[in-house]
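In: Prediction below, plus the sequence it came from.
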Amino acid sequence: MRNELKSLILATAVVGCGDSGGRGDSASASASATMTATMTPATLSDTTPTGDGTAEGTATVTDSGVSNSDSQATGDSTTNDSAVSATGSDDGGFKSDLGKQPDFGPIGCGGGGMGGGDPDFSYIWIANSAQNTISKIDTQTLQEKGRYWVRPDNLGNPSRTSVNLSGDVVTASRDGGFTKFHAVVDDCQDTNGIPGIQTSVDANMLPWDQEECRAWHTPMAYISQRPAAWTQGTFNNATCKYENQKAWTSGNNLQNGTVDVLLVNGDNGAIEQLVTVSGIMADYYGIYGAAVDKQGNFWGSQLGQGYLVNINRETFAVKTWPMVAGGYGMTVDSKGYVWTCSSNASRFDPMTETWVTMTVGGNGGCMEDGKGTLYLGGYANGVPSIVAVNTETLAVTGSYAVPQYTHGISIDFYGYVWGVSMGTEAYRVDVDNGGTISTFTGLVGAYTYSDMTGFALSNVGTPSG
């Protein structure tokens, strides 16, 4: 998979270099017409595991359950590089000629450009829900490069993270609040009165008023706020940076069948648009997960068998469709199909407004690799596994056993598939090397299954007009 990712990124992330977000071929329409498997949705819940507050990172690599290394990140705030390594049959090095990531631009832009060399950085951002923080983890070294409070009261209960095409993250707090952090120190602002930039560099958090890589925090008074999804923005060839990046979120107040969907300015956190959605399932959670398509339009799904929600990025017109099966995670794939995932995989075609669904053994988040495979957290034959599904036939094509049930699924720009447990661990799975697992340990009540690397946003492509 990694050897083919360069063509995917060039097709979807480089301004003016192609259009990968179109509809699939006639086989897709045929599948939509013939596959009508149904299921009884399972009872789902949104629980937050408790943690002891310990912030210590450990990375190991296993193959068929054999541990090959056990190097520890001690969380010493005096060093930028904790002593964590991942060894074994996977050397942890550069896997394909991806070029600069994730601040994509035309070839030659920004030095490394897309022409060759290692990405400048590749992070996965995971919420420590029980600790009210998020962690920034290097996807290659498995070193934690920062941990941050998400609200000034050190509360919030964060659950979703979303990464934009510049590498920056927003996180939504279940108890209300939306917060952005910069990935690169050069983008951070000296605001706390102490010379230089003060920011977390490992598993230790700085006090709220000292942390300077927090770009902004927008308080929001919702009883349930979960979705987070960046739009693509536009690439400025003169500055080699993305501009006009916006972020979607949603919150529920009154459990009266209406929820708010908000479009937030990515530069300053200001709420630019509030859309009220009515006629959907009236429950505590409101809209549960979110993603965007190629045009930056909002797609949201509800927990269980509720409704799929679409909001047009330009007109803010709302459309809703009943979900045909229970849902938990959701994503938009490289062909523009919208997926809701649980014990089933359900594919919605926005062009025909039709569903296809099949039970696949998942039970959490999902993401597509850009080449026709959807990965879900779940079980295979009763064993905690990451399940692979063909996006055209919806047939299970493989599974990769992991030590614990993985609730969240993401793919990084090296092609590794990540599974996030609901405890202390996250697993990086090398699907091209027999499912070799590298384990990061040190999370606290981990809970993330949104676009925590930015790959899904790149995967759907950028507007063509």
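Out: That came through, no problem.
In: can you map out the helices along the protein?
Out: Per DSSP state H, the chain carries helices over the ranges 5-13, 26-34, 455-460.
In: For the nearest residue to V389 once chain neighbours are set aside, the count of nearby residues, please.
Out: With sequence-adjacent residues excluded and distances taken as Cβ to Cβ, 6 or more residues apart in numbering, V389 is closest to L374, at 4.5 Å. The C-beta positions use only the backbone N, C-alpha and C, and glycine is treated the same way. Other residues near L374 number 25, with proximity taken as other Cβ atoms under 10 Å.
In: one step back: in terms of mean pLDDT, which of the helices of the chain ranks lowest?
Out: Set side by side, those differ in mean pLDDT, and helix 26-34 is lowest with a mean of 32.
In: hang on, the earlier thing: any idea how far A221 is from the residue nearest to V389?
Out: As defined by Cβ to Cβ, to the nearest Å, L374 lies at a distance of 36 Å from A221.
In: Correct me if wrong: the residue nearest to V389 contacts A345.
Out: Yes. A contact is recorded between L374 and A345 when judged using Cβ atoms under 8 Å, the distance being 6.2 Å.
In: so what sits against both of those two?
Out: Residues within reach of L374 and of A345 at once, by Cβ atoms under 8 Å, 6 or more residues apart in numbering, are 339, 366, 389.
In: Flag the shaky bits of the protein, pLDDT-wise.
Out: The model of the chain has pLDDT under 70 over residues 1-119, 255, 464-465.
In: Pull up the distance across stretch 444-458, start to finish.
Out: 28 Å (Cα to Cα, to the nearest Å).
In: Find out how far it is from the centre of the chain, if you would.
Out: Stretch 444-458 has its average C-alpha position 2 Å from the chain's average C-alpha position, going by Cα atoms, centre = their mean, to the nearest Å.
In: before we move on, what about stretch 318-336?
Out: 16 Å.
In: If you tally nearby residues, what's the number for D187?
Out: Other residues near D187 come to 16 when the count uses other Cβ under 10 Å.
In: who touches it in this structure?
Out: So, once contact is read as Cβ under 8 Å, 6+ apart, D187 ends up touching 168, 213, 215.
In: Adding distance to L142 and neighbour count, write those residues out as a markdown table.
Out: Shown next, in a markdown table, are the contacts of D187 (distance: Cβ to Cβ, whole Å; neighbours: other Cβ atoms under 10 Å):
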| residue | distance to L142 | neighbour count |
| --- | --- | --- |
| D168 | 21 | 26 |
| C213 | 20 | 23 |
| A215 | 25 | 19 |
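In: Which of those residues sits closest to A426?
Out: Of all the contacts of D187, D168 has the smallest distance to A426: 20.1 Å, by Cβ to Cβ.
In: Would you list the phi and psi of that closest one?
Out: Recorded main-chain torsions at D168 are phi -80, psi 160, according to degrees, to the nearest 10.
In: Give me the distance between it and T331.
Out: If you go by Cβ to Cβ, the gap between D168 and T331 works out to 20 Å.
In: likewise M422?
Out: Computed as Cβ to Cβ, the M422 to T331 distance reads 19 Å.
In: and those two? which has more neighbours close in?
Out: A side-by-side neighbour count of M422 and T331, using other Cβ under 10 Å, places T331 first with 29 against 22.
In: The more buried one bridge partners, please.
Out: Beta-bridge partners for T331, by DSSP bridges, are W339.
In: didn't it look like it was pressed against D369?
Out: No. With contacts defined as Cβ under 8 Å, T331 does not count as touching D369, sitting 11.0 Å away.
In: From what I see, R174 and R226 are in contact.
Out: Yes. Assessed by Cβ under 8 Å, R174 is found in contact with R226 at 6.3 Å.
In: what about the two, which has more around it?
Out: Here R174 and R226 are compared on neighbour count by other Cβ under 10 Å; more neighbours surround R226, at 25 against 22.
In: That one: what's it in contact with?
Out: Here R226 is in contact with 159-160, 172, 174, 250, 285-289 (criterion: Cβ under 8 Å, 6+ apart).
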